[in-house]
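J.: let's see this in three dimensions:
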Amino acid sequence: MMKKLIVVSIILCTGILGLAGCAPSKEELDGYTKLLETNDVDSYTQMLNNKTDYIGDNNKVAAIVNALPEINPDFKQQYFSIQSDGTNGLKIFYEPKADGVIKSISFSQKELESYAAMLFAFIGNAEEIQFMVRDTMGASGLDETKYQEFAHYTREDIIKNFGDLAQFYVKEKFNNLVGEAQNQLESFFSIK
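T.: Okay, here's the model as predicted:
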């Protein structure tokens with residue numbers, strides 16, 4: 001029913017725009033239809049649309065954190081917290097997607113460092129990023145004592161490694177960073 005409504009809406013809008021002399025092309029309509037059907041926006045667009053100068057902008061920070069690519073197929077980003085104690089820190093919490101205990105957890109150092117660079121680029125006054133993990137699924141709510149830190153980055157260190165973070169506002173540079181990170185196989189952290 002919803003898809004029919006969307007298709008009818010697109011047809012009506014196309015007709016109205018056509019009467020006004022500015023109808024979208026077939027390619028644009030196909031793109032709009034695909035976007036409406038999947039309701040999917042790529043990470044770059046999501047982060048760029050929510051770029052903020054302030055770590056305290058909860059809605060924008062949440063959208064940016066949620067736009068991070070997956071760091072491990074067995075884990076999901078479950079929570080994040082903003083440190084407002086003067087550190088302007090951001091903690092991102094991961095836990096297994098499925099029930100059961102995970103015996104070993106591995107992440108790519110390059111991937112985590114790249115994701116920290118993205119976060120620093122799109123959250124203007126963030127000064128440190130911590131990636132936190134637990135080896136079992138949580139109950140409800142965030143209990144930070146059940147997580148351990150598996151990566152910690154400061155803005156200063158990331159700038160030393162990547163240079164000007166504004167380069168990631170260009171989609172090609174952003175996609176290159178994501179691609180390079182996801183192709184890395186080096187193991188960074190492991191719980192045994």
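
J.: check which helix or strand covers residue 160.
T.: Residue 160 belongs to helix 155-162 when elements are defined using DSSP states H and E.

J.: ok, residues contacting the following helix or strand past that helix?
T.: Using DSSP H and E, the helix or strand that follows helix 155-162 in sequence is helix 171-183. For helix 171-183, the surrounding residues in contact (C-beta atoms under 8 Å, 6 or more residues apart in numbering) are 43-44, 47, 69, 108, 110-111, 113-115, 117-118, 167-168. Just so you know, the C-beta spots here come from the backbone N, C-alpha and C atoms, and that holds for glycine as well.

J.: now do helix 171-183 against helix 155-162: the angle between them, please.
T.: Angle between the axes of helix 171-183 and helix 155-162 is 90 degrees (criterion: axes from the mean of the first three to the mean of the last three C-alpha atoms, to 10 degrees).

J.: re the thing from before, what's the helix holding residue 160 in contact with?
T.: Outside helix 155-162, the residues touching it (C-beta under 8 Å, 6+ apart) are 113, 116, 117, 120, 126, 127, 128, 165.

J.: pull the CA atoms of that helix into CSV?
T.: Extracted in CSV, the C-alpha atoms of helix 155-162 (Å, rounded to 0.1, in the frame of the first residue of the first chain):
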residue,chain,number,x,y,z
ARG,A,155,42.2,15.1,17.4
GLU,A,156,45.9,16.1,17.6
ASP,A,157,47.1,12.6,16.8
ILE,A,158,44.6,12.2,13.9
ILE,A,159,45.6,15.5,12.4
LYS,A,160,49.3,14.4,12.6
ASN,A,161,48.4,11.2,10.6
PHE,A,162,45.8,12.6,8.1
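
J.: list the buried residues of that helix.
T.: 155, 158, 162 (16 or more other C-beta atoms under 10 Å).
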